[in-house]
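# Sequence and predicted structure, then a few things I'm wondering about:
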Amino acid sequence: MAAAKKMDAQEELVRLKVLELRRTAKSQNELIVELDKAGFGQTRIAELLGTTANTVNVALSRPRSSRRGSDVATNREVKAALLRILGVTPQRLSQRVAQVKRLYGPMSTEDGTYVLAHQEGIDLTKYLDRDTVDRVRGLLPAPAVAAAAAPATARTRRATARSDAVRIAPSLELVDAGLPKKVNDEALRMATVYPKLYIFENSIRNVIVRVLQAKHGKAWWAKSAPTGVQGKVKTRKAKEAQTPWHGKRGTHEIYYADFGDLRDIITKNWKEFEPIFLKQAWITQRLDELEPPRNIVAHNNPLSKNEENRIDLYFNDWIALLNDRKGAVP
């Protein structure tokens, strides 16, 4: 395989500056205009932004007044839609947007508004151009688990395992697989759903391991997992051993358990999990309702918009719970 062409220092600086501008520009069109003002030619702009010269030409052909007016009008439309859906005052909306910016990392107030709109189920394609929608989707992260409001004690800091925030920036370059456009569109849509299910499910598994291991030690599985679940896992591991050339599910038995088994493990050991979840129905209801859409995605089928919204809601609920009960998780 041919070695990648080495980039000279000047080119590195140019591309780093473009990356910086991407984070502050309201849209790709605005970024194109700024690069044009800086003296870059249309071909060079297209190369730096990974787009076509025709896209650059179209953006630069729009009158300045229409560019500016469109951005303002679009922003107002999104904000108006959010105000209708949330039923809050403009001041409260500003507070919600500020919260998004704090949780999800550095971004402009406008980007924070768009991210919030997406989370509330607003179809951004009705208000924004395709380039802006794609850029906003690239900003969408998994909410970071923020530090607890009260100062942690030294004991809590030692006991709490280090965790890293996960940024979800799904992108999928579709190849010509002989599929109809509908299936390609579904693939793009599901690419934003799978990471949340992946993070949510593995976060639950991780919490279960940490809680029960802290209570019973590393041999907690034999003591705490339901007998039926243990039998199922043992069978799966034995079958997996017959095909050693395939990758393994994980290093612990819990990764061989079904999604629905996680609910059974929690309910069997409710005394240990009550300080975190507080109400058993809270966690069991969410696991019950997420299992069907989770299985649909696992079999590469599309979800309805209602199911997507449910996943968004429960994912955010889970992150909020971890944020609030962080000190209760070993």
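Everything's here; your move.

# Now residue 29. Nearest residue, chain neighbours left out?
Excluding the flanking residues, the one nearest residue 29 by CB to CB, 6 or more residues apart in numbering is residue 59, at 4.3 Å. Glycine gets a C-beta too; all of them are placed from N, C-alpha and C.

# Now do the helix or strand where residue 309 lies: distance to the chain's middle.
Using DSSP states H and E, residue 309 maps to helix 305-324. The chain centre lies 11 Å from the centre of helix 305-324; the measure is CA atoms, centre = their mean, to the nearest Å.

# Show me the contact partners of it.
Identification of contacts with helix 305-324 by CB atoms under 8 Å, 6 or more residues apart in numbering yields 119, 121, 142-143, 145-146, 148, 189, 193, 196-197, 199-200, 203-204, 207, 276-277, 286, 289-290, 293, 296, 303, 329.

# what pLDDT does the residue nearest to residue 29 get?
We have a pLDDT of 72 for residue 59.

# Verify the stated contact: it with residue 33.
Yes: here residue 59 reaches residue 33: they are 6.8 Å apart, a contact under CB atoms under 8 Å.

# Break the chain down into its domains, please.
The chain is divided into the following domains under automatic domain parsing: 8-62, 66-141, 172-242+251-328.

# Please name the residues that touch residue 212.
With CB under 8 Å, 6+ apart, residue 212 has these contacts: 220-221, 224, 265, 269, 272.

# For the stretch 101-250 of the chain, give me the ranges with low pLDDT.
Across the stretch 101-250 of the chain, residues meeting the criterion (pLDDT under 70) sit at 103-106, 139-177.

# how does it look with 90?
The model of the stretch 101-250 of the chain has pLDDT under 90 over residues 101-195, 236-250.

# coming back round to it: and the residue nearest to residue 29, how far from residue 43?
Distance, residue 59 to residue 43, using CB to CB, to the nearest Å: 14 Å.

# out of these two, which sits in the more crowded spot?
Neighbours were tallied for residue 59 and for residue 43 using other CB atoms under 10 Å; the higher tally belongs to residue 59 (22 against 11).

# ok now the host helix or strand of the more buried one, how far from the chain's centre?
Assigned by DSSP H and E, residue 59 belongs to helix 53-61. On the basis of CA atoms, centre = their mean, helix 53-61 sits 31 Å off its chain's mean C-alpha point.

# list the buried ones in that helix?
55-56, 59 (16 or more other CB atoms under 10 Å).

# Just list what that helix packs against, helices and strands only.
Under the contact criterion of 3 or more CB pairs under 8 Å, 6 or more residues apart in numbering; DSSP states H and E, helix 53-61 touches helix 28-37, helix 42-49.

# Let me know how buried residue 22 is, in neighbour terms.
Residue 22 has 15 neighbouring residues, counting by other CB under 10 Å.

# go on, residue 324?
Neighbours of residue 324 using other CB under 10 Å come to 14.

# hang on, residue 118 packs against residue 124?
Yes: at 6.0 Å, residue 118 counts as touching residue 124 under the criterion of CB under 8 Å.

# Between the two, which contacts overlap?
Taking CB under 8 Å, 6+ apart as the contact rule, residue 118 and residue 124 both touch residue 136.

# Could you check how far residue 311 is from residue 198?
11 Å.

# Which one's more surrounded, the two?
Set residue 311 next to residue 198 and count neighbours by other CB under 10 Å: residue 311 wins out with 22 against 15.

# thinking again about what came up before, any chance of the buried residues of helix 53-61 in a markdown table, plus distance to residue 101?
Formatted as a markdown table, these follow (distance: CB to CB, whole Å):
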| residue | distance to residue 101 |
| --- | --- |
| 55 | 29 |
| 56 | 30 |
| 59 | 27 |
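
# Go through those and say which is closest to residue 233.
Of all the buried residues of helix 53-61, residue 233 sits closest to residue 55, with 52.1 Å by CB to CB.

# List the contacts of the spatially closest residue to that closest one that is not a sequence neighbour.
Spatial nearest neighbour of residue 55, chain neighbours left out: residue 46 (7.0 Å); criterion: CB to CB, 6+ apart. Residue 46 makes contact with 52-53, 55-56, according to CB under 8 Å, 6+ apart.

# now the helices for the stretch 1-150 of the chain?
Applying DSSP state H, counting those that start in this stretch to the stretch 1-150 of the chain gives helices spanning 9-24, 28-37, 42-49, 53-61, 64-86, 90-104, 109-119, 130-139.

# where does residue 249 land in three-state SS?
Of the three states, residue 249 takes coil according to DSSP: H, G, I helix; E, B strand; the rest coil.

# Surely it and residue 240 touch.
Yes: with contacts counted by CB under 8 Å, residue 249 reaches residue 240, the gap being 7.2 Å.

# Name the residues contacting each of these two.
residue 256.

# Run the chain-centre distance for stretch 241-252.
Offset of stretch 241-252 from its chain centre (CA atoms, centre = their mean): 28 Å.

# List the contacts of it.
So stretch 241-252 is in contact with 209, 221, 236, 240, 255-256, going by CB under 8 Å, 6+ apart.

# Could you rerun that using 6 Å?
Applying CB atoms under 6 Å, 6 or more residues apart in numbering, the contact partners of stretch 241-252 are 255-256.
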